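Novice: Okay, here's the prediction I keep looking at, along with the sequence it came from:
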Amino acid sequence: MKQLSVAHLLGIKYLTKEDISLIFETANHFKAVINRPIKKVPSLRDITIANLFFENSTRTKLSFELAEKRLSADILNFSAGQSSVKKGETLIDTVNNILSMKVDIIVMRHPNVGAGVFLSKHIDAKIINAGDGAHEHPTQALLDTYSIKEKLGTVKGKKVVIIGDILHSRVALSNIFALQLLGAVVKVCGPTTLIPKYISSLGVTVETNLKKALEWCDVANVLRVQHERMDINYFPSIREYTQLFGIDKQLLDSLGKKIVIMHPGPINRGVEITSDVADSEQSIILNQVENGVAIRMAVIYLLAQQIKK
Amino acid sequence: MAKKTLLNAKDIHIILHRLACQLIENHNDFSNTVLIGLQPRGVFLANRLIQLLQNEYGIVAIKTGQLDITFYRDDFRRRTEPLEANNTTIDFIVEDKKVVFIDDVLYSGRSIRAALTAIQAFGRPASIELLVLIDRRFSRHLPIQPDYKGRQVDVINSEKVTVSWQENETKDAVYIISDN
């Protein structure tokens, strides 16, 4: 009988290979559930989940909410914009107040690195990290690797290049951990100003020529340029970025093979990829979104299983 | 641990034929009937019955499926061991169909309760019947009784009834296992 080796989902770096395959197997079952006429199971009827979003989010929040509803959990939604956080309340106070309402699981997005780990040490509830600063975004990495496995049959031995703003990206870091755990080879590609100095210590190679990177890879995971996290100019202009690191149909077709295109969203169409690439048959961007709900159902279900009655 | 044989391969062979005939009595050509094996162990029994109906009784087009009830159980978080899910394979809608659930042993009736909920995700059936190989009497937690049963047994709660099939173990047999 199988169970996760962790009590919270704080980051991919705490997971084992077995954990990931258990999450994938469970997600397969939930993917079948969400494609039925009635897309819901009653498993989590007596579980309450709070979604605490201290930072803006559309798809992650919707995806978590839908996953929770599909499992029949009761949910509370909280966005920092409209809350007492603005009045100076601390994170622990905010969360303790919510926990007094008898909440079992907390899904949290926070601008500060390690917010989830901090919370898990002070709070008696299951914590799921939905993104902490530029650190980790574990469910995104799980759904990305799950989508690669679904498309290519396996992740092991595949060559994956992550393109764009690696420096500010929690998606990149979690993806690197997950891909390497599952046996993929990872390269990053982007302007040198947006590639962290010590990236090679993770066993990742750097390529600054986009065309070479694409010719090498089986999968290209294209990241968004995160203007909101850039306090200084990391490249001269968007136009220059697009010319050097943007993928258009012509470039895609010039490769000798059909690579898989991924993007965690939201897409800046015409910047990192053009519309015809995003909507091409090589793109699995919308599959990623669908798989996101199944993966999040699996993670929530497996953690809820550990909460004793 | 004592292991007593309740039914041997020959007994099971006779019972399967009787159950197949009883199904034919109520469902004629099975044109509006679907047979649903409950995962994991009811599937073996369902497959046997379908084989019999096709090979011995010439009923060719039988709609069948496999239903997993893991996510519909009422003992989630109440068990010491975590539950492991199996595949559900039902690629049709059961709306207005006559559904027959097939399982190996009927004990508390809680699995069947979960199956009744689970099948709702595939439409509103005209009726649902229950076929089991072994009916453990006097052990029900819920008002659920089988419509077709292979053999009724009286065993105490500490005893276990297990069905082994040629396909997954070595031979067809039903055992009663007790601690002493």
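Specialist: Here it is on my side, so go on. Numbering: from 1, shown residues only, chains lettered A, B, ... in the order given.
Novice: Now do residue 17, the pLDDT please.
Specialist: If you meant another chain, say so; for now it's chain A. In this prediction, A:Lys17 carries a pLDDT score of 96.
Novice: Let me rephrase: I mean chain B.
Specialist: pLDDT, B:His17: 95.
Novice: Which positions in chain A make contact with chain B?
Specialist: Proximity of chain A to chain B (CB under 8 Å from any CB of the partner chain) is limited to residues A:1-3, A:25-26, A:29, A:32-33, A:36-44, A:46, A:301, A:304-305, A:307-309. The C-beta positions use only the backbone N, C-alpha and C, and glycine is treated the same way.
Novice: So which of those are in strands?
Specialist: Judged by DSSP state E, the residues of chain A next to chain B include no members of strands.
Novice: Mind giving me the PyMOL select for those residues, buried ones only?
Specialist: Selecting only the buried entries of the residues of chain A next to chain B in PyMOL, with 16 or more other CB atoms under 10 Å in any protein chain shown as the criterion:
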select buried, chain A and resi 2+26+29+32+33+36+41+42+43+44+301+304+305+307
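Novice: Show me the shaky parts of the stretch 51-200 of chain A.
Specialist: A:82-86 (pLDDT under 70).
Novice: quick one, strands of it?
Specialist: Per DSSP state E, counting those that start in this stretch, the stretch 51-200 of chain A carries strands over the ranges A:74-79, A:105-110, A:126-132, A:159-163, A:185-189.
Novice: Let me have those in CSV, extended by mean neighbour count.
Specialist: As requested, the strands of the stretch 51-200 of chain A are arranged in CSV below (neighbours: other CB atoms under 10 Å in any protein chain shown):
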stretch, mean neighbour count
strand A:74-79, 16
strand A:105-110, 25
strand A:126-132, 26
strand A:159-163, 25
strand A:185-189, 23
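Novice: Dump the ones you listed into a markdown table; add distance to B:Leu6 as well.
Specialist: Output for these, formatted as a markdown table (distance: least, CB to CB, whole Å):
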| stretch | distance to B:Leu6 |
| --- | --- |
| strand A:74-79 | 45 |
| strand A:105-110 | 45 |
| strand A:126-132 | 44 |
| strand A:159-163 | 56 |
| strand A:185-189 | 57 |
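Novice: residues near the residue of the stretch 51-200 of chain A found nearest chain B, how many?
Specialist: The minimum distance from the stretch 51-200 of chain A to chain B, using CB to the nearest CB, falls at A:Leu71 (8.1 Å). Residues contacting A:Leu71 under the criterion other CB atoms under 10 Å in any protein chain shown number 25.
Novice: before we move on, what about A:Ile267?
Specialist: The tally of other residues near A:Ile267 (other CB under 10 Å) stands at 18.
Novice: State the phi and psi torsions of it.
Specialist: Main-chain torsions, A:Ile267, degrees, to the nearest 10: phi -80, psi 140.
Novice: That one: what's it in contact with?
Specialist: A:224, A:273, A:278, A:285 (CB atoms under 8 Å, 6 or more residues apart in numbering or on different chains).
Novice: pretty sure the third one contacts A:Gly265?
Specialist: So that's A:Ala278. No: counting by CB atoms under 8 Å, A:Ala278 does not reach A:Gly265; the two are 9.8 Å apart.
Novice: any shared contact partners between those two?
Specialist: Jointly contacting A:Ala278 and A:Gly265 under the rule CB under 8 Å, 6+ apart are A:Ile285.
Novice: all helices for the chain, in order.
Specialist: Answering for chain A, as no chain was given. A:17-33, A:59-70, A:91-99, A:115-122, A:138-152, A:170-181, A:210-216, A:238-245, A:249-254, A:275-278, A:285-304 (DSSP state H).
Novice: ah, no, chain B please
Specialist: With helices called from DSSP H, chain B shows them at B:9-27, B:42-55, B:110-118.
Novice: Send over the longest one as PDB, restricted to the C-alpha atoms.
Specialist: Yep, that's helix B:9-27 we're talking about. Provided in PDB are the C-alpha atoms of helix B:9-27 (Å, rounded to 0.1, in the frame of the first residue of the first chain):
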ATOM      1  CA  ALA B   9     -13.300 -25.900  -9.000                       C
ATOM      2  CA  LYS B  10     -16.100 -28.300  -9.900                       C
ATOM      3  CA  ASP B  11     -18.500 -26.600  -7.500                       C
ATOM      4  CA  ILE B  12     -17.700 -23.200  -8.900                       C
ATOM      5  CA  HIS B  13     -18.100 -24.500 -12.500                       C
ATOM      6  CA  ILE B  14     -21.700 -25.700 -11.700                       C
ATOM      7  CA  ILE B  15     -22.500 -22.400  -9.800                       C
ATOM      8  CA  LEU B  16     -21.300 -20.200 -12.700                       C
ATOM      9  CA  HIS B  17     -23.500 -22.100 -15.200                       C
ATOM     10  CA  ARG B  18     -26.500 -21.700 -12.900                       C
ATOM     11  CA  LEU B  19     -25.800 -17.900 -12.400                       C
ATOM     12  CA  ALA B  20     -25.400 -17.500 -16.200                       C
ATOM     13  CA  CYS B  21     -28.800 -19.200 -16.700                       C
ATOM     14  CA  GLN B  22     -30.500 -17.100 -14.100                       C
ATOM     15  CA  LEU B  23     -29.100 -14.000 -15.800                       C
ATOM     16  CA  ILE B  24     -30.500 -15.200 -19.100                       C
ATOM     17  CA  GLU B  25     -33.900 -15.800 -17.500                       C
ATOM     18  CA  ASN B  26     -34.200 -12.200 -16.500                       C
ATOM     19  CA  HIS B  27     -32.300 -10.400 -19.300                       C
END
